[in-house]
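# Generate coordinates for the sequence data below:
(4 chains, ligands or ions: 4)
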Amino acid sequence: MPEINYINALAAATAEEMRRDPTVIVMGEDLRLSVYGASAGLVEEFGEDRVIDTPLSENGFFGAALGASLCGLRPIVETVTSFFWVGMDQMISQAAKMRYMFGGQATLPVVFRARMFYARGAAAHHSDRNYNIFMSTPGLKVICPTNPYDAKGLMKSAVRSNDVCLIFEDGIASSSRGEVPDDPDFLVPFGVANTLRTGGDCTIVGIAGGVDHAMKAADQLAIEGIECEVIDPRTLVPLDEVAILESVERTGRLVVVDPAHTTCSAASEIAAIVARKGFWSLQAPIITVASAQVNIPYSPALEPLVYPTPDKVIAAVREVMG
Amino acid sequence: MPEINYINALAAATAEEMRRDPTVIVMGEDLRLSVYGASAGLVEEFGEDRVIDTPLSENGFFGAALGASLCGLRPIVETVTSFFWVGMDQMISQAAKMRYMFGGQATLPVVFRARMFYARGAAAHHSDRNYNIFMSTPGLKVICPTNPYDAKGLMKSAVRSNDVCLIFEDGIASSSRGEVPDDPDFLVPFGVANTLRTGGDCTIVGIAGGVDHAMKAADQLAIEGIECEVIDPRTLVPLDEVAILESVERTGRLVVVDPAHTTCSAASEIAAIVARKGFWSLQAPIITVASAQVNIPYSPALEPLVYPTPDKVIAAVREVMG
Amino acid sequence: MLPDNPAMHEMYRRMCLIRYFEETVIEIHSAGELIGPAHPYIGEEAVAVGACAALRNEDRIAGNHRSHGHPIAKGGNVKGAMAELLGKVDGFCKGKGGSMHLADFSVGILGESGIVASSVPIATGAGLAAKVLKKDFVSLVFFGDGASNQGACHESMNMASLWKLPVIFLCENNQYAITTSYKNSVSVDNVADRAPAYGMPGVTVDGQDAVAVHEVVSHAVARARAGDGPSLVECMTYRFEDHSLGLDRIRKVAYRSDEEVAEAMKRDPLDIHRAAMLKGDIATEAECDEIENAARAEIADALEFARNSPYPEPEALFEDMYADDG
Amino acid sequence: MLPDNPAMHEMYRRMCLIRYFEETVIEIHSAGELIGPAHPYIGEEAVAVGACAALRNEDRIAGNHRSHGHPIAKGGNVKGAMAELLGKVDGFCKGKGGSMHLADFSVGILGESGIVASSVPIATGAGLAAKVLKKDFVSLVFFGDGASNQGACHESMNMASLWKLPVIFLCENNQYAITTSYKNSVSVDNVADRAPAYGMPGVTVDGQDAVAVHEVVSHAVARARAGDGPSLVECMTYRFEDHSLGLDRIRKVAYRSDEEVAEAMKRDPLDIHRAAMLKGDIATEAECDEIENAARAEIADALEFARNSPYPEPEALFEDMYADDG
Ligand SMILES: Cc1ncc(C[n+]2csc(CCOP(=O)(O)OP(=O)(O)O)c2C)c(N)n1
Ligand SMILES: Cc1ncc(C[n+]2csc(CCOP(=O)(O)OP(=O)(O)O)c2C)c(N)n1
Ligand SMILES: [Mg+2]
Ligand SMILES: [Mg+2]
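Ligands and ions are numbered 1, 2, ... in the order given. You can find the predicted model right below:
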């Protein structure tokens, strides 16, 4: 298998799906010149009709993608998490609700790819990690690939899905490299967690960029003789509750690592699920290691303090180990 | 103390604060004729300059309220939860972030009053209960008054607050009547939960319309000899964690009732907090009774199935009682 | 140019259907049989019917909260609409949508929207699909004078113009958004005055006259189908009833004078169309009566049908959320 | 009418400050001392300076991601700006905002915004406060050609016009939004062509000429202060540098031809202003050099100051979230 990076995995998935299905198009700002890398070469191969540079009008073009999907196109929209706010009405009132509201008549095969910036001074306006908000809204699929393999396989599944899929691309993960199949029908299914490491002492669920911290922490803890099981849910909707609950049954302990803000986070949701359905397995409190409940500051002296780190994960695991 | 209803309590709070402080204004759609009741008589008393009917431009006028607050006004904005999506960029990128981003220079004394419709066929587009989303975003205060007394006292505190306050008016609560002080300086503080009923068997935290269900369930359970402690946090940001944790310490059991969608809800957050900080007191799983993870259907045959009910709360308490 | 005689008859039939549908809705609402909010279209029938008469079956429409007229005008069946209002399984949306969310995809109705202006981008996207897929359907979206102030309209018109999409932006200017006069919400005299800001044609037309609406929209449709891009059509009309059933408070407030309402009601779109047919020898009095009676009967049938349709089963609650998982 | 001599000098000084500030930013960015994204204003100095020269201290401005020029033009101190870029405690925002979020409330700068067009409603609200409180300050908002397509602009201009707010909508048309030409994003020839859609005056002016900008904005300000409402001013300008430092990928793609860039750079706003001063006997060569040298020194000082300023303490992380709780 060739080794490629995360962005190129997404680019490859896009190009393959566009080749396979002429109704797949891409829409977004400055795509044709591939400002952000994932649309490189598309306009040359597929032409201007299928690679659409939009004006700065997120609410408008998010909605246009949805409307187009009702009439035979399968748009892939590129954006940034923070710009979802601008187009939020279309994301919630239409993308998430239309199918149900219309009794199943509306089928919306749209993918929204949203980049999440991280560290390096993006500051409050460009640092949202808002997948929890879309988890909270019924009707959307929420996908957080954390390595090139999943990025490609989940992206291709999303393009083939008939539901609105949101792909959150974590800034940390997006620099990762890895082996990625080039079989044009390679897919990673939704709702199947990936257990990256097994261990009997503590379960660590990592979300998005949290997976990397979880793995680093687990490696470190293993040296001390604490064996962690690290789970990457890969998709938050649908969520593989079973994998998490079974792991907690084995380990009796749970730490959830999530780079998003802590309150009402995906991490809190997983904690709540386990506090209900896995309660009798628990031997210790559940700890969520998430971002502090402050806006993301710019200063390099402050920003790193906000996020989870391997050290914070290690401290949490030690705490639950008692 | 005079007995008044919820809407009139809000109206009284607004008028009193406008009388006290000439910089308080109200903004919203069709306010002057008080389509929804809470602005009755304001234009007659305070004139058109201070009672501003806006065009249908939520993003625009939410932002205008914020901008005006930076320059000496204290706007109260009336809207509906579902219209927050339309003005979401101003709510998140500006209302929640501006103060921190500008190192404390921005002071934003704005109140957003958002009505939440409930039952009676409002359907998917008018049935959002999105306080969890604003809890998740650092920088906002999130307030859920559940009776006329709190409605008036919290509203007056919100108008006097120098932070952006969001008041969520639950459709169930809004028909309630009760005694309300007419002292012009009557205030209910933020961050102080209200224990509506004491009992040693199980803690029930009710959120917004969930309080009413919690009380009805507790009354019913008391007949069977199960004594519940019912807590209304009143404000979700700031949240009175101590009151909840102390109660769980006494009862060892927790049920959280929240009419919002279950995933990443305020209920899940409270469950996660207790699963961490109150774990050693817990004698049973934590159950959240929240709305099913589907869009709100219109049909009178379906809509009631979505929401928490006293019966669902009773079942949950019985389950945790074992 | 006048539509041909059968088309003129059909337009009258659909206007009657809408009128009687709405009268029935008001009746059953006050009887407590219908509980949700509902926004009557009475007085504005010529707009939807005139516009949809210029469309083909495969053309798409999208609408708003004032939502019963558009689907009926587009040929959606009234049984499905009525059953939807009662929340029954045979409703357009299996009872899940209700009054503000009528949709019948089988005849090109992409759905109404309770969020004002929210379907304008959706309809724009339908136009984008037509263009990219090189199909010759067009897309028409109904929105109000109030809605025209939403950013969604600006963004959509700009995109549609840039990309020369086959979209007709049809503003139903009934002069009020709930209680707010468009003179206090739109900063120009006419909504159509904004068309030049997007480089598209804008026309203001008498919305009480279905034939006039038909003519203007036909031009816009021809332009769209020819690949020349979008148009903005503003139909001046008037809502004869209250803003919404179930929002009783508004009945009591006087945002429109009695004289103004009375004056406006003199120009009933059904009367105007009937008169035009009689005058042009397009239909006889008897034919007109016959159309009315048949429409009345159809609505009565629809109500009967809706009443007899069962409520959805509880399992339905979890159905139709996702396409992939059945 | 030309501003008086001291004003002309001051305009030149501020343009120089912006130019050297930006040159310094580019330098320290490539040296790795500054890590966040930063959007250079070089080439556009005449716009912010011309506009702000028409404002008083208590007038408010708001801006966008291309954010260093506006505060310097409004009289914000360059030390605070530079320290902010380095994330230091003496920054305008104590290091919490960074390049895209400069703000100095003490001189009427309500802040820049990383979200495109997001500060347009904010500035409109400042105008609302002036009106309701019967104060005579005005509010001016800078936004790009790309931004003009956002719904926020439409909604804001409509409200400002309806309510006759003292707001100047100042579009910096540098002809591109990142790589996208405004000809492919704005569906009319000029952004100012949209002014009639809001019933407000719209003017397109040469944005390389600070005097011309000053004149047009002065008219708009006078109108606003007189209670006659908002204006739309479009300044045609050109960004001499890349869209953003730190987005290296864009450097490599050719969305602007070399000839186009070279042609545009011939009209350097600093040269144009200097020439105007010399020609009008407003300043001598020596005075111009002196202004330049002083500006260079001030920027060097600012960098020194910023470098010496400490980073915020960890506790600062939790400060400034809420006003009530300290
Ligand atoms: C985004 C949004 N804001 C507010 C409302 C509440 N609302 C429903 S209808 C309406 C008035 C709409 O006026 P207009 O667009 O002129 O349509 P009309 O009702 O006159 O047909 C308002 C304010 C809404 N549904 N959606
Ligand atoms: C809502 C939003 N969408 C997209 C972006 C990404 N972005 C940043 S600057 C920019 C171009 C802005 O162009 P323009 O308004 O013309 O300003 P200029 O950069 O040319 O000064 C884009 C697309 C953003 N910051 N905010
Ligand atoms: Mg109207
Ligand atoms: Mg530009």
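
# what's the straight distance from one end of stretch C:228-244 to the other?
38 Å (C-alpha to C-alpha, to the nearest Å).

# Pull out the buried residues from that stretch.
C:229-241, C:243-244 (16 or more other C-beta atoms under 10 Å in any protein chain shown). From N, CA and C alone the C-beta is placed, and that goes for glycine too.

# near chain D at all, it?
No. Stretch C:228-244 stays clear of chain D (C-beta under 8 Å from any C-beta of the partner chain), getting no nearer than 9.3 Å.

# hmm, that stretch in reach of ligand 3?
No. Judged by C-beta under 5 Å from the ion, stretch C:228-244 stays clear of ligand 3, getting no closer than 7.0 Å.

# thinking again about what came up before, among the buried residues of stretch C:228-244, pick out the one closest to chain A, please.
Checking those against chain A by C-beta to the nearest C-beta gives C:Pro230 as the nearest, at 12.4 Å.

# Would you agree the closest one is in contact with C:Leu170?
No. Assessed by C-beta atoms under 8 Å, C:Pro230 is found out of contact with C:Leu170, at 10.8 Å.

# Narrow the buried residues of stretch C:228-244 to those in strands?
Counting by DSSP state E, the buried residues of stretch C:228-244 place C:231-236 in strands.

# farthest pair in those?
Using C-beta to C-beta, those reach their maximum pairwise distance at C:Ser231 and C:Met236, which is 16.3 Å.

# Point out the residues in chain A that sit beside ligand 2.
A:29, A:56, A:58, A:83, A:86 (C-beta under 6 Å from any ligand atom).

# Skip the chain neighbours and tell me the closest residue to the third one.
Leaving aside its sequence neighbours, A:Glu58 sits nearest to A:Gly87 (C-beta to C-beta, 6 or more residues apart in numbering or on different chains; 3.7 Å).

# In this structure that neighbour contacts A:Leu66, no?
No. Taking C-beta under 8 Å as the definition, A:Gly87 is not a contact partner of A:Leu66, at 10.1 Å.

# Tell me how far the residue most central in space within chain A lies from C:Asp189.
Geometric centre of chain A, nearest residue: A:Cys144, 1.7 Å, by C-alpha atoms, centre = their mean. Per C-beta to C-beta, to the nearest Å, A:Cys144 is found 51 Å from C:Asp189.

# and what of A:Trp85?
34 Å.

# Between those two, point out the one with more neighbours.
Neighbours of A:Trp85 and C:Asp189, each counted by other C-beta atoms under 10 Å in any protein chain shown, are more numerous for A:Trp85; the result is 28 against 11.

# Contacts only, for that one.
A:Trp85 is in contact with A:128, B:88-89, B:91-93, D:115, counting by C-beta atoms under 8 Å, 6 or more residues apart in numbering or on different chains.

# does chain B sit close to stretch A:160-175?
No. Using C-beta under 8 Å from any C-beta, we find that stretch A:160-175 stays clear of chain B, coming within 12.6 Å at best.

# All the helices of the stretch 201-322 of chain A, in order from the start?
Using DSSP state H, counting those that start in this stretch, the helices of the stretch 201-322 of chain A run over A:210-223, A:241-251, A:266-277, A:303-306, A:310-321.

# Nearest to ligand 3, out of the ones you listed?
Closest to ligand 3 of the helices of the stretch 201-322 of chain A is helix A:266-277 (C-beta to the ion; 41.3 Å).

# for the record, mean pLDDT for that closest one?
Mean pLDDT, helix A:266-277: 98.

# starting at the chain centroid, how far to that helix?
The chain centroid and the centroid of helix A:266-277 are separated by 18 Å under C-alpha atoms, centre = their mean, to the nearest Å.

# List the contacts of it.
Applying C-beta under 8 Å, 6+ apart, the external contacts of helix A:266-277 come out as A:131-132, A:135, A:205, A:207, A:210, A:233, A:236, A:239, A:241, A:244-245, A:248, A:254, A:256-258, A:260, A:262, A:282, A:286, A:288-290, B:263-264, B:267-269, B:271-272, B:274-276, B:285-288.

# Contacts (any at all) between chain D and the host helix or strand of C:His154?
Assigned by DSSP states H and E, C:His154 belongs to helix C:151-162. Yes. Counting by C-beta under 8 Å from any C-beta, chain D is contacted by helix C:151-162 at C:151-155, C:157-158, C:161-162.

# Quick one: name whatever helix or strand follows that helix.
Where DSSP H and E defines the elements, the next helix or strand beyond helix C:151-162 is strand C:167-173.

# That next one - contacts with which helices or strands?
Contacts defined by 3 or more C-beta pairs under 8 Å, 6 or more residues apart in numbering or on different chains; DSSP states H and E place strand C:167-173 against helix C:45-52, helix C:119-132, strand C:139-144, helix C:151-162, helix C:210-225, strand C:231-236.

# and whichever helix or strand comes after that strand with chain D, contact?
Next helix or strand after strand C:167-173 toward the C-terminus (DSSP H and E): strand C:176-177. No. Applying C-beta under 8 Å from any C-beta, one finds strand C:176-177 separated from chain D by no less than 12.9 Å.

# Make sure C:Lys96 is indeed in a strand.
No. Secondary structure of C:Lys96 (DSSP: H, G, I helix; E, B strand; the rest coil): coil, not part of a strand.

# who's in contact with it?
C:Lys96 makes contact with A:100-103, B:123-124, B:295, B:297-299, B:302, C:312, C:316, C:320, according to C-beta under 8 Å, 6+ apart.

# Now for chain C, the helix or strand with the poorest mean pLDDT.
One helix or strand of chain C scores below all others by mean pLDDT, DSSP states H and E: helix C:248-252, with a mean of 60.

# so which strand or helix has the nearest residue to C:Leu86 once chain neighbours are set aside?
Once flanking residues are discounted, C:Leu86 sits nearest to C:Ala306: 4.7 Å by C-beta to C-beta, 6+ apart. If you go by DSSP H and E, C:Ala306 is part of helix C:285-308.

# for C:Leu55, same thing?
Using DSSP H and E, C:Leu55 is not contained in any helix or strand.

# Tell me how many other residues crowd it.
C:Leu55 has 23 neighbouring residues, counting by other C-beta under 10 Å.

# Please identify the helix or strand for the nearest residue to A:Met98 once chain neighbours are set aside.
Of all residues beyond its chain neighbours, the one nearest A:Met98 is A:Ala106 (4.4 Å), with distances taken as C-beta to C-beta, 6+ apart. Under DSSP H and E, no helix or strand contains A:Ala106.

# Test my guess that A:Ala106 contacts A:Cys71.
No. Using C-beta under 8 Å, A:Ala106 makes no contact with A:Cys71, being 10.8 Å away.

# where along the stretch 1-150 of chain A do the strands fall?
Secondary structure of the stretch 1-150 of chain A, counting by DSSP state E, counting those that start in this stretch: strands at A:3-5, A:24-28, A:51-53, A:74-80, A:111-116, A:141-143.

# So for residue 85, what pLDDT did the model give?
All of this is about chain A. 98.

# wait, I meant chain C there
pLDDT, C:Leu85: 98.

# ok, C:Gly80 to C:Met11 distance?
Distance from C:Gly80 to C:Met11, by C-beta to C-beta: 21 Å.

# re the thing from before, next SSE downstream of the least confident helix or strand of chain C?
Using DSSP H and E, the first helix or strand after helix C:248-252 is helix C:258-265.

# Now that next one: buried residues?
C:Ala264.

# Now the element after it, going C-ward?
Downstream of helix C:258-265, the first helix or strand assigned by DSSP H and E is helix C:269-279.

# who touches that following helix?
By C-beta under 8 Å, 6+ apart, the residues outside helix C:269-279 that reach it are C:8-9, C:11-12, C:15-16, C:19, C:43-47, C:207-211, C:237, C:282-285, C:288.

# which of the residues you listed are buried?
Buried, going by 16+ other C-beta under 10 Å: C:8-9, C:11-12, C:15-16, C:19, C:43-47, C:207-211, C:237, C:282-283, C:288, out of the contacts of helix C:269-279.

# Next one: the residue lying closest to C:Val261 once chain neighbours are set aside from C:Lys266, what distance?
Of all residues not flanking C:Val261 in the chain, C:Phe240 sits nearest, at 7.6 Å (C-beta to C-beta, 6+ apart). As judged by C-beta to C-beta, C:Phe240 and C:Lys266 stand 11 Å apart.
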